[in-house]
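> below are the sequence and a predicted model for it; my questions follow.
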Amino acid sequence: MFMAWFFWLFVLCGGAYMGGAALTMALTGAPSVVNLLNAVVYLGCAVAAVPRIRRLWRRRAAGGGHRR
């Protein structure tokens, strides 16, 4: 269960960080289609991770998940 949490938190944080960086670069100094597409992809990954993390949180709150 730890690996699922770690993976989706990594996707969320990394996607938000890289998406913000690509968006900032595209809007300030280097306007190119590639930078804007990178921002869309990275931010899309971050948005896609939110429901997964919410589902893991609900499963943990309900007492589910893997316990030893």
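Looks like it arrived, so ask away.

> show me what contacts W8?
A49, R52, I53, L56 (Cβ atoms under 8 Å, 6 or more residues apart in numbering). (C-beta placed from N, C-alpha, C; glycine too.)

> neighbour count, secondary structure and distance to L43 for these - can I get that in JSON lines?
Shown next, in JSON lines, are those (neighbours: other Cβ atoms under 10 Å; DSSP: H, G, I helix; E, B strand; the rest coil; distance: Cβ to Cβ, whole Å):
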{"residue": "A49", "neighbour count": "20", "secondary structure": "helix", "distance to L43": "11"}
{"residue": "R52", "neighbour count": "16", "secondary structure": "helix", "distance to L43": "16"}
{"residue": "I53", "neighbour count": "15", "secondary structure": "helix", "distance to L43": "16"}
{"residue": "L56", "neighbour count": "17", "secondary structure": "helix", "distance to L43": "21"}
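
> export those to JSON lines and tack on distance to F7 and pLDDT?
Formatted as JSON lines, these follow (distance: Cβ to Cβ, whole Å; pLDDT from 0 to 100):
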{"residue": "A49", "distance to F7": "9", "pLDDT": "89"}
{"residue": "R52", "distance to F7": "9", "pLDDT": "90"}
{"residue": "I53", "distance to F7": "10", "pLDDT": "89"}
{"residue": "L56", "distance to F7": "10", "pLDDT": "87"}
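
> for A21, give me the pLDDT.
pLDDT, A21: 86.

> give the buried residues for the helix or strand encompassing it.
Taking DSSP states H and E as the criterion, A21 maps to helix 2-28. In terms of neighbour count (16 or more other Cβ atoms under 10 Å), helix 2-28 has its buried residues at W8, V11, L12, G15, A16, M18, G19, A22, L23, M25, A26.

> so the second one is in contact with V47, correct?
No - if you go by Cβ atoms under 8 Å, V11 and V47 don't touch, sitting 10.2 Å apart.

> all set, thanks.
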